[in-house]
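prediction below, plus the sequence it came from.
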Amino acid sequence: MPALILALVLALLLPSAAWAAGADIVPDEPDSTEPAEAAVPEAIRLSQEYILALTGRNYNSLNRFYSRETVFEDKTASKKVTGATDILTFLRRIHVYTLSYSFEPDHVFHSGSLVVMIGTYRYRSRGDLFGKPGKTIELTIPGVTTLELDMDEKQIKKHVDLLDYDAMRDQLSSQ
């Protein structure tokens, strides 16, 4: 008899216990009025537009992103350039040998107007840039790019690169 009572109590309690446990595990279905994906934050969207202009070597678009106060710095190469005119001159000079150039982000995040992009820069360039005339050089350079943005003006205040130039040197030695 006690076994029968225990069986009845368990039969009555187990379905409600399972339902209660499942309520914490199964997420609510999204309301059809909710967007399927969260919108890209404005700071990240602006950074993406900028990187596309940079890697696409679109100097007219880049000019709109820079001001007289913009700083472009490659800390690992100890190179720092200030002002739209000098930055664009610098970029045109280094892009002369570039055949193609892209940035493939692995992770992008932001805190207010500071955007951090972790990923890989891919370059194809003429070999004479690296003392290897007649060759096409392909490089994959991991790095971190940080952008301080002026969200009101939709401009870059500061662009800082930290790139793994040891990886570049290793790749150059094998090409």
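Looks like it arrived, so ask away. Numbering: from 1, shown residues only.

contacts and neighbour counts: CA atoms only from here.
Will do.

wait, is residue 153 part of a helix?
No: judged by DSSP: H, G, I helix; E, B strand; the rest coil, residue 153 forms no part of a helix; its state is coil.

residues contacting it?
Residue 153 makes no contacts at all, as judged by CA atoms under 8 Å, 6 or more residues apart in numbering.

what of residue 150?
Counting by CA under 8 Å, 6+ apart, residue 150 touches 113, 156-157.

a markdown table for the residues you listed, including neighbour count?
Below are those laid out as a markdown table (neighbours: other CA atoms under 10 Å):
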| residue | neighbour count |
| --- | --- |
| 113 | 18 |
| 156 | 24 |
| 157 | 23 |
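
let me know the closest of the residues you listed to residue 82.
Comparing the contacts of residue 150 against residue 82 with CA to CA places residue 157 closest, at 10.0 Å.

name the nearest residue to residue 85, ignoring sequence neighbours.
Nearest non-adjacent residue to residue 85, counting by CA to CA, 6 or more residues apart in numbering: residue 68, 7.6 Å away.

that neighbour is in contact with residue 86, isn't it?
No: the criterion here is CA atoms under 8 Å, and residue 68 misses it with residue 86 at 9.1 Å.

among those two, which residue is more densely surrounded?
Just comparing residue 68 and residue 86: by other CA atoms under 10 Å the higher neighbour count belongs to residue 86, 15 against 12.

what segments of the protein are strands?
71-74, 79-82, 98-111, 114-126, 136-150, 155-163 (DSSP state E).

any idea which of these gets closest to residue 53?
The closest of the strands of the chain to residue 53 is strand 98-111. By CA to CA, the value is 10.3 Å.

so what secondary structure elements neighbour that closest one?
For strand 98-111, the elements it packs on are helix 42-55, strand 114-126, judged by 3 or more CA pairs under 8 Å, 6 or more residues apart in numbering; DSSP states H and E.

can you put those in CSV and add mean neighbour count, distance to residue 104 and mean pLDDT?
Shown next, in CSV, are these (neighbours: other CA atoms under 10 Å; distance: least, CA to CA, whole Å; pLDDT from 0 to 100):
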stretch, mean neighbour count, distance to residue 104, mean pLDDT
helix 42-55, 18, 10, 97
strand 114-126, 19, 5, 96
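
got JSON lines for those, with distance to residue 74 too?
Listed next are the helices and strands packed on strand 98-111 as JSON lines, based on distance: least, CA to CA, whole Å:
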{"stretch": "helix 42-55", "distance to residue 74": "14"}
{"stretch": "strand 114-126", "distance to residue 74": "13"}
